[in-house]
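J.: Sequence and predicted structure are below.
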Amino acid sequence: MIEAKNLTKHYGDKLAVDQLSFEVRPGLVTGFLGPNGSGKSTTMRMIMGLDTPNAGDVTVNGRHYHDLAWPLHEVGALLEAKAIHPGRSAQAHLWMLAQTNRISRRRVDEVLEIVGLSSVAGRRAGKFSLGMGQRLGIAAALLGDPEVLLFDEPVNGLDPDGIRWVRNLLKGLAREGRTVFVSSHLMSEMALTADEVIIIGKGRLIAQILTAQLIAQSSQRFVRVRSPEVAKLRVALDQEGAATVLEDDGSLTVRGVDEIAIGELAGRLPVVLHELSPQSASLEEAFMELTEDSIEYHGTSTTSTSESKGAGS
Amino acid sequence: MTVSTSPTVGAAQGLPAGRYGMSGLIRSEWTKLRTVRSTMWTLGVTVVLGIGLSAIATAETRSHWTPGNRFGFDATRTSLIGVFFGQFTIGILGVLVVSAEYGTGTIRATFSAAPRRPLVLAAKAVVFGMVALVVSEVVAFIAYFLGQALLTAPAIHSTLNSPGALRAVAGSGLYLCVLGLFALGVAVIIRHTAGAISAFIGILLVLPLIVSALPSSIGNEVERFLPAHIGQAIVSLHTGPRSFAPWPGFLLLCGYAALALVLGGFLLVRRDA
Ligand SMILES: Nc1ncnc2c1ncn2[C@@H]1O[C@H](COP(=O)(O)OP(=O)(O)O)[C@@H](O)[C@H]1O
Ligand SMILES: [Mg+2]
């Protein structure tokens, strides 16, 4: 469990994180979603006690990071890819971390095996690709077998196989009951991985919502209708309370009623239909719409399921 | 690939008693130090130049020996000349112990594993200090014995029983170790390799030049406070009237190192990693 309350961080004049409140629960993969520069990495560094917030507070399992007895056994994090001394081997890198928290050499070999780096364990990390660096960072996060895991953009630099592997790893960790918090600037990636998403823009909370719910709520859902008698149909739809737009290509974009209701209405009128197709907007579009609002600074009233009124206005 | 992280989620049940601490951090710092090449390079150069240059300088003195040389000749100091190149190599290693972590981003992993930062700094100082001390002392004693053996008659040589000889030999090792700790402290304050090395070399080499350019009434008063000058006093048989005596000078140097480390530790806690 990670709990952030009104987290705020400035770098000079730059407000990086702005009164951010959220909870990350165990047993789920929680996505942390926002465009580049929205404050995801900064928030993660504050969780890890690396950057000190200017205001607000964040705890892991009810405690400040600084007060953990055996930090690596309690929290694991991948913050930056390739944050390794280029002259040190993967094994030595993990071993020097393991020693601080009384972790065995056997466990070092084990995590190297898990991430698939056993065969290059003795090689200097400077020669690693970005993907291998990510894997080493993931190995470091898993080292202490912690209950809480943070991953900052873990799929950057990975090939499709690697991406699928990370996805499964995260889901597996959550299934074991762990708290898994993973950031990304790609909605499409989160849609496939996260059970819940915390969306931020310009350091502010936009929404904390179940992924499935977000997809369902997407305002971009509409039905495309083509009919030789489009004007007649449109009047009827407007009377039903639907929002309709006549497109340049002659099709009608209908929001507010689903395809079943439209089909039944057309049958009652009756009106011939040439097309009746539900369009689910891409999640990327839904995400863009949400974050665009935050960028224009009038979208603070967007859906927030967060109990702690973090969205603030 | 399967996700075989561990059989149990309740990792907390299997936690060791107590809390992470100094012994684990010291082991970790020792691993860090011995698993990068820069350690071998800096220490290797310390050994090779420390012993080699001393031997060359001593042999050279011997081969041009004239009876007049014996007046004011400091056999101990002559045999330790190369050891003083260790000021740079040990200093650079002291800087790298800290700045390499900032340069590579490893510092975040380090502080994630051990969030009490002063403890990490203490472990670094202990491990680096021990390594620097052992290497410096070994180099100093080898250079000394080799040099004295090369100073065959008619040249004069010293023994460890000669006045001030043991102090000069052991003291030069201690000097290098504490100077290295000072460099480590400077690196914690500055955090960048190039900047910290420049500052350190500046204090060692450029500051004396600036002081010598000052009016002598001021310069003479200030000079003895310089680290390099303190080092010269430690290794010399006779110290000038305006220098600190060897051990008071050494204590002052310890004070500089302590100051740099304490200020570094303070900033370490205050600043974002
Ligand atoms: N150490 C820092 N110093 C100054 N500005 C920073 C620092 N870290 C982040 N920022 C700024 O804070 C904002 C948020 O950055 P970041 O947390 O990295 O966003 P994200 O991870 O979502 O891309 C950005 O505008 C970035 O430029
Ligand atoms: Mg980031």
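T.: The structure has been received and is ready for your questions. Residues are numbered from 1 along each chain as shown, chains lettered A, B, ... in the order given. Ligands and ions are numbered 1, 2, ... in the order given.

J.: what mean pLDDT does stretch A:153-160 have?
T.: On average, the pLDDT along stretch A:153-160 is 90.

J.: what about that stretch, how long is it end to end?
T.: In stretch A:153-160, first residue to last residue: 15 Å (C-alpha to C-alpha, to the nearest Å).

J.: And it, how far out from the chain middle?
T.: Averaging C-alpha positions (C-alpha atoms, centre = their mean, to the nearest Å) puts stretch A:153-160 14 Å from its chain's average.

J.: Give me the contact list for that stretch.
T.: A:40, A:78, A:81, A:129-131, A:133-134, A:137-138, A:162-163, A:165-167, A:170, A:182-185, A:189 (C-beta atoms under 8 Å, 6 or more residues apart in numbering or on different chains). Any C-beta I mention is one placed from the backbone N, CA and C, and that applies to glycine too.

J.: Give me the local confidence score for the residue of the stretch 201-313 of chain A found nearest ligand 1.
T.: The nearest approach of the stretch 201-313 of chain A to ligand 1 comes at residue A:203, 6.7 Å away (C-beta to the nearest ligand atom). On the pLDDT scale, residue A:203 is placed at 94.

J.: Count the residues that sit near residue B:161.
T.: 7 (other C-beta atoms under 10 Å in any protein chain shown).

J.: how much space between it and chain A?
T.: 44 Å (C-beta to the nearest C-beta, to the nearest Å).

J.: Can you classify that residue by secondary structure?
T.: coil (DSSP: H, G, I helix; E, B strand; the rest coil).

J.: what's it sitting at in phi/psi?
T.: Backbone torsions of residue B:161, given as degrees, to the nearest 10, read phi -80, psi -10.

J.: Distance check, it against residue B:148.
T.: 12 Å (C-beta to C-beta, to the nearest Å).

J.: can you check residue A:34 too?
T.: 70 Å.

J.: pLDDT weak spots in the stretch 101-250 of chain A?
T.: The stretch 101-250 of chain A contains residues with pLDDT under 70 at A:217-220.

J.: any idea where the strands of it begin and end?
T.: With DSSP state E, counting those that start in this stretch as the criterion, the stretch 101-250 of chain A has strands at A:148-152, A:179-184, A:196-201, A:204-210, A:222-226, A:243-246.

J.: tell me the angle the third one makes with strand A:179-184.
T.: What separates the directions of strand A:196-201 and strand A:179-184 is an angle of 40 degrees, with axes from the mean of the first three to the mean of the last three C-alpha atoms, to 10 degrees.

J.: likewise the fourth one?
T.: Calculated by the same axes, to 10 degrees, strand A:204-210 forms an angle of 120 degrees with strand A:179-184.

J.: thinking again about what came up before, ok, and which of the contacts of stretch A:153-160 reach chain B?
T.: For chain B, the contacts drawn from these by C-beta under 8 Å from any C-beta of the partner chain are residue A:165.

J.: buried sites along whichever strand or helix holds residue B:43?
T.: Per DSSP states H and E: residue B:43 is located in helix B:37-63. For helix B:37-63, the neighbour count (16 or more other C-beta atoms under 10 Å in any protein chain shown) marks B:38-39, B:42-43, B:45-47, B:49-51, B:53-55, B:57-58, B:61-62 as buried.

J.: Please apply the same query to stretch A:264-280.
T.: Going by 16+ other C-beta under 10 Å, stretch A:264-280 has these buried residues: A:265-266, A:271, A:273, A:276.

J.: From these, which land in helices?
T.: Secondary structure from DSSP state H places A:265-266 of the buried residues of stretch A:264-280 in helices.

J.: Could you dump the buried residues of stretch A:264-280 into CSV and include distance to chain B and pLDDT?
T.: Listed next are the buried residues of stretch A:264-280 as CSV, based on distance: C-beta to the nearest C-beta, whole Å; pLDDT from 0 to 100:
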residue, distance to chain B, pLDDT
A:265, 50, 92
A:266, 50, 93
A:271, 54, 93
A:273, 48, 94
A:276, 43, 92
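
J.: Which positions in whichever strand or helix holds residue B:178 come out as buried?
T.: Taking DSSP H and E as the criterion, residue B:178 maps to helix B:165-190. Across helix B:165-190, burial judged by 16+ other C-beta under 10 Å covers B:165-190.

J.: again, but for stretch B:251-264
T.: Buried-residue list, stretch B:251-264, by 16+ other C-beta under 10 Å: B:253, B:256-257, B:260-261, B:264.

J.: Among those, which ones lie close to chain A?
T.: Applying C-beta under 8 Å from any C-beta to the buried residues of stretch B:251-264, none is adjacent to chain A.

J.: Out of those residues, which is nearest to residue A:117?
T.: For the buried residues of stretch B:251-264, the residue nearest residue A:117 by C-beta to C-beta is residue B:264; the value is 34.3 Å.

J.: Assess the claim that that closest one and residue B:188 are in contact.
T.: Yes. Here residue B:264 lies in contact with residue B:188, judged by C-beta atoms under 8 Å, at a distance of 3.0 Å.

J.: Need the overlap of contacts for these two.
T.: residue B:121.

J.: Which element, helix or strand, includes the spatially closest residue to residue B:189 that is not a sequence neighbour?
T.: Excluding its sequence neighbours, the residue lying closest to residue B:189 (C-beta to C-beta, 6 or more residues apart in numbering or on different chains) is residue B:264, at 5.0 Å. Assigning secondary structure by DSSP H and E places residue B:264 in helix B:246-270.

J.: check contacts around residue 273.
T.: Picked chain A for this. By C-beta under 8 Å, 6+ apart, the neighbours of residue A:273 are A:225-227, A:263, A:266.

J.: wrong one, I was asking about chain B
T.: A:45, A:50-51, B:107-108, B:111, B:117.

J.: Same drill for residue A:34 and residue B:148, tell me which one is more crowded.
T.: residue A:34 (26 against 22).

J.: Setting aside sequence neighbours, what's the nearest residue to that one?
T.: residue A:200 (4.1 Å).

J.: wait, that neighbour sits on residue A:41?
T.: No. Look at residue A:200 against residue A:41 with C-beta under 8 Å: they stay out of range, at 11.4 Å.

J.: Look at those two and report which has more neighbours.
T.: residue A:200 (27 against 19).

J.: partners of the more buried one in the sheet?
T.: residue A:205 (DSSP bridges).

J.: quick one: it from residue B:60, how far?
T.: Residue A:200 is 70 Å from residue B:60, by C-beta to C-beta.
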